[in-house]
Every structure is written in structure tokens, then in C-alpha cells.
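Enquirer: Return atomic coordinates for the entry below.
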Amino acid sequence: MNLVKEPWIPVVMQDGKPARVSLRDAFAKGEDIADLAANPCQRIALMRLLICVAQAALDGPKDEEDWLACKPRLVPAVLSYLDTWQHRFNLFGEHAFLQVDGLDTKPNSLADKLDVSLASGNNPTLFDHGSTPGGRVQTEALLALNLLVYQMFSCGGTFSETVWDNVPTPRHVLRSPCVEEAMAHTLLRGRNIVETVHLNLLTEEQTNSLPNMERGRPCWEETRLGRESSEKQTSSFLGRLVPVSRAIRLFKDSPSIVLGEALRYPQLPEQRDPFGTVYDTGKQRMGKSTSLTYLSVNPEAAAWRELASILSLQVLDSKTGTVGAFNLQHLRTTQAPEFDIWIGGLAVDQAKMIDMCEWSCILSSSLLDTLVLERYRKGVEWADIAKRVLEDAVKCFASVQSGDAAVYRQQAVGLFWSHLDAKALALQNCLEDDHVLSLTWTPIIDSALYAAYDRTCPHETPRQIQAYAQGLKILQTWKKVRDRSGT
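Expert: As a prediction, the model looks like this:
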């Protein structure tokens, strides 16, 4: 199977119909493709591949001016590039796509392991009843997609040994680059897939600001993808964009594969991922050499609460911020009235996958103004203050009731944020000035606060009513707490 020529990428067309397209058609027919039809990990992996191909084909863009001028030549450049390198996009055989050279051919794992939705090894799933000790033969299109995703999102842990270039692979394997700190990835979306790729291209000026990374070339341009090419790949932007973190060998019509660790990519602060948001915790964490970390995806916290950090335009050479958010400056250049942002990733705990998360929204470009964004941040901080007061009120209720405060707290906080999640768009619509923000956003927080407290804390018996009243007094102080905090 050749990934340039044969369909394997799941998409949705402009007429709403699902389809699969080849890598070549993703660009050649890109204006007819509305979006990818993929889960969060698949979306990130496919976008990184498409961006990498485009950046390599353009050998740029060099700067902001080149970014503006390169859109008309993007598709012709990519098609010419893919015609040149299509022999390195075969799924099987010599120099196979995203598979290292010099790997032992004795199978030691199952292809099922590459798909996080299948029950295999220590990755059980609730509704997968087709698991067998011998594994399953997957379709070539699905196998190609799973290979791409696994290279970026493998959680690590203990692996079976194999031999790569006459050296045994380690049994304890590190996480792939895209799951470092369970980072949240930020992407912009356009009206079609070509526009989406163009919006997310990074200029050389931007990539040069990344620590310890040259621009480099993709892994498939290596004459031989062996251990000798590891330093060149792990120290480059295009090498990290589509990583080869696992030593894999696929076999046609076989449920078995060879699997081990391949390249280890430097982590923060030595290197940083261009589509993750970095912030400074202010203190060094245990087992870490830095106070810097990635903004993580959280299944219990919608991304709108972190939007102020994500949209803060990073200054070149700064260690924090979102490099990908530089592309928001492109939107300023083109004077776009609004933009479509997507945030997502894989939540993990050690080597265990917890959940895939994603959040997307069409936002007004006025949010890119520093003062407007600061008001947005203030609105989120008000909600955080109200949440903390709610916790105190529920704790008081539980103590009078002699109940389990943790149970009450979990339910109340969950209801509070669920209410605000449904009203989150209202926050971006009331940022003209501080007065409008207070007039519009405060009642919404009030509503969420009292609804969560009322549903969590029963007040029917005399004892319950007494406990409810004491907690209510605390709840009513949240505005005073907010005003005292100076936010």
C-alpha cells in the first residue's frame, strides 16, 4: 500500500459526506474537503503529517511575508514533493513509512496494540469483544492511521525486547513526544483542509525560536532510518513534527508486528513542542529539572477556562506561551474578523491512557487584543473564586450533617462547571469593558453557584435546613471575596 496514492485518511467533504482520501488527494482535492473525520489523537497526528509535508515541500515559509505569499503555491509544491518522495510512503517493504531500518524481523507484539480503541495487552476497553490471543488482521488503511498515531501517542511503560541495528531495545520505554505532560495541542481550522494546513504553518523565524532545534528534514528523506540518524531527527523541527519514537515493523496480512523503542526526543526545557502551550509553575517539581510544564488536557475541565493562556501571543525567544499561537498574528495580518480554534489531546496517568479530549469554538478576533484577553482572564478568575467559595459552603453543610465532604464537593463542583460550560460563549460576548463584564458575567456565575449548591445540598428536614442555611451564608460572600482579591 502506498499512502501517497491510496485512500486512508478519513475526511468529511464539503457536502457533509464521509470519505477516505490519499495523502496526495488531501491536497489535490483539499478545497472540497471540509475537515478531518477523526478522534482527537488522529486529528493531531494527521495534521502534524500534513503540516510536515507542506513545510518540507515549501522549504519554508521564511517569514510573515512569505507565509502570506505561499498559499497559491502550496498545493503545486506539495504535489511535486509527493511525486518525488512517494517511494518512501509504502506501508510495507524496504524503507517502509515510519518504520526503522535494521530491525529484527521476529514478531514480538500484535498490531492491535497500535489501536487504543482495541483491547490488547494492558489496554482493555469496555465494548471490544473481538480480542483474541492471536490478534486480528487490520485493514491496511486503518493500520497506516494507527501507525501514525502510535508513533506520536504511545504512553510508554514496559515493552518486549527486540534488536535494532544489532543493539537490544530497552524494556522500559519513555512516552512519545505528543503525550509529554499530557499536553494540550492547539490548532487553527480553516474553511477547508488546505486552508487549515496553511493557517498552521510555522515560519523559519518562529521555528528558530525553539530551543535546541534546527529546521531539519522529515524522517522519510533519510537514506536509511537507523540509529545513526537519531541525533539529526531528534534535534530538528520537522523530525519532531512526525516522530519515530517506536521501532516498528509491519507485515502484510498479519496480526503480528515487531515493536520496541526507537528515538528518544528531548523534553522540556531542552526542547519544546510547537503546538503545546508552556507555562511556568513558579517552582521546581519533584523529579523535574525545570519549573516549566505544558498545559495539560483535563477530561474534567473544558479548555475555555485556559483560553487566556493559550491565546497569549508569545514573544520570540520566550520560554512560555504557544508557538503555534504565533499564527494568530497571521490572522491579524489578514484582518480576519473571527477564527476557529481547536484544542485537544490525550489525558494520561503514567503509562495508562485515561481519555481523549477536545474542544473547539469560533472566536472573535477581538480576543487577541491584550486588554480584551485580560478581561477574559478576569472572568475565568471570578469563576474560580466562586468555585472555591462553593467548596467552603458545601464543606460547612457536610460538617453540620456529619456527611462526607469530599462526596458533596465533587458533585457541587461538577454541577457548577457544567452550568458554566454551557454558558462559556457568553463570556467572550461581554468584554467591551469591565462594567459590561460584571453586569453580564456575574449573574451567570451566580446562577451556576446557587444551582450547584441547591442540587447538591438537600434541605427538607430541620437538620438539613440548618446545615443548608449555614452553608448559604458562606455562599453569599463570594462577591466580597472576589472584590478583596482585586480581580
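
Enquirer: residues in contact with Ser225?
Expert: Heads up, residue 225 is Leu, not Ser. 95, 99-101, 219, 244 (CB atoms under 8 Å, 6 or more residues apart in numbering). Just so you know, the C-beta spots here come from the backbone N, C-alpha and C atoms, and that holds for glycine as well.

Enquirer: and what of Arg375?
Expert: 431, 433-434, 437.

Enquirer: what's the farthest-apart pair in these?
Expert: Largest separation among the contacts of Arg375 by CB to CB: Leu431 and Asp434, giving 9.3 Å.

Enquirer: For Ser80, the count of nearby residues, please.
Expert: 11 (other CB atoms under 10 Å).

Enquirer: where does it fall, phi/psi-wise?
Expert: phi -70, psi -40 (degrees, to the nearest 10).

Enquirer: What's the separation between the nearest residue to it once chain neighbours are set aside and Asp165?
Expert: Distance criterion CB to CB, 6 or more residues apart in numbering; nearest residue to Ser80, sequence neighbours excluded, is Ala57 at 7.1 Å. Distance of Ala57 to Asp165, computed by CB to CB, to the nearest Å: 30 Å.

Enquirer: hmm, back to that, am I right that the residue nearest to Ser80 is in a strand?
Expert: No: read with DSSP: H, G, I helix; E, B strand; the rest coil, Ala57 is helix and lies in no strand.

Enquirer: That one and Leu210, how far apart?
Expert: Applying CB to CB to Ala57 and Leu210 gives a distance of 21 Å.

Enquirer: Enumerate the positions of stretch 371-381 that are buried.
Expert: 372-373, 375-380 (16 or more other CB atoms under 10 Å).

Enquirer: Specify which member of these is nearest to Leu74.
Expert: Set against Leu74, the nearest of the buried residues of stretch 371-381 by CB to CB is Leu373 (30.2 Å).

Enquirer: follow-up on the earlier one: and Ala57 and Asp165? Which one has more around it.
Expert: With neighbours defined as other CB under 10 Å, Ala57 and Asp165 compare such that Ala57 has more, 21 against 16.

Enquirer: mind listing what the residue lying closest to Cys70 once chain neighbours are set aside touches?
Expert: Closest residue to Cys70 apart from its sequence neighbours, by CB to CB, 6+ apart: Pro61 at 4.8 Å. Shown in contact with Pro61 (CB under 8 Å, 6+ apart): 67, 69-70, 201, 203-204.

Enquirer: Make JSON lines out of the contacts of Leu225 and add pLDDT and neighbour count.
Expert: Listed next are these as JSON lines, based on pLDDT from 0 to 100; neighbours: other CB atoms under 10 Å:
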{"residue": "His95", "pLDDT": "93", "neighbour count": "16"}
{"residue": "Gln99", "pLDDT": "96", "neighbour count": "25"}
{"residue": "Val100", "pLDDT": "96", "neighbour count": "26"}
{"residue": "Asp101", "pLDDT": "95", "neighbour count": "19"}
{"residue": "Cys219", "pLDDT": "95", "neighbour count": "26"}
{"residue": "Val244", "pLDDT": "96", "neighbour count": "24"}
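
Enquirer: In strands, which of those appear?
Expert: With strands taken from DSSP state E, there is no overlap with these.

Enquirer: which of those lies closest to Leu79?
Expert: The shortest gap between Leu79 and any of the contacts of Leu225 belongs to Cys219, at 20.6 Å (CB to CB).

Enquirer: show me the contacts for the residue nearest to that closest one when sequence neighbours are not counted.
Expert: Excluding the flanking residues, the one nearest Cys219 by CB to CB, 6+ apart is Val244, at 5.3 Å. Residues in contact with Val244 (CB under 8 Å, 6+ apart) are 98, 100, 151, 219, 225, 233, 262-263.

Enquirer: mind running it again at 6 Å?
Expert: Applying CB atoms under 6 Å, 6 or more residues apart in numbering, we find Val244 in contact with 98, 219, 262-263.

Enquirer: Next, count neighbours for Glu94.
Expert: 9.

Enquirer: Ramachandran coordinates for it?
Expert: The phi/psi pair for Glu94 (degrees, to the nearest 10) is phi -70, psi 140.

Enquirer: pLDDT wise, what is it at?
Expert: pLDDT for Glu94: 90.

Enquirer: From Phe251, how far off is the spatially closest residue to it that is not a sequence neighbour?
Expert: Leaving aside its sequence neighbours, Glu94 sits nearest to Asp101 (CB to CB, 6+ apart; 7.9 Å). For Asp101, the distance to Phe251 (CB to CB) stands at 16 Å.

Enquirer: Same check on Ala69?
Expert: 45 Å.

Enquirer: helices and strands of this structure: which one bottoms out on pLDDT?
Expert: strand 321-322 (a mean of 54; mean pLDDT, DSSP states H and E).

Enquirer: Identify the farthest-apart pair in the contacts of Pro61.
Expert: Ala69 and Glu204 (14.2 Å).

Enquirer: Mind checking which of these two has more residues around it?
Expert: Glu204 (16 against 12).

Enquirer: wait, what's in contact with the more buried one?
Expert: Contacts of Glu204 (CB under 6 Å, 6+ apart): Lys62.

Enquirer: swap the cut-off to 8 Å and go again
Expert: Glu204 sits next to 60-63, 215 when contact means CB under 8 Å, 6+ apart.

Enquirer: Which one (most neighbours) among those?
Expert: Counting neighbours by other CB under 10 Å, the top entry in the contacts of Glu204 is Pro61, with 23 neighbours.

Enquirer: Could you measure from that residue over to Phe339?
Expert: Distance, Pro61 to Phe339, using CB to CB: 19 Å.

Enquirer: Flag the shaky bits of this structure, pLDDT-wise.
Expert: Scanning the chain for pLDDT under 70 picks out the ranges 119-132, 285-287, 313-335.

Enquirer: related to what we said a few turns ago, the residue nearest to Glu94 contacts Trp220, correct?
Expert: No: Asp101 lies out of contact with Trp220 (CB atoms under 8 Å); the separation is 11.8 Å.

Enquirer: what's the overlap in contacts for the two?
Expert: Common neighbours of Asp101 and Trp220 (criterion: CB under 8 Å, 6+ apart): none identified.

Enquirer: Show me which positions of stretch 265-283 end up buried.
Expert: Applying 16+ other CB under 10 Å to stretch 265-283 flags 265-269, 271-279 as buried.
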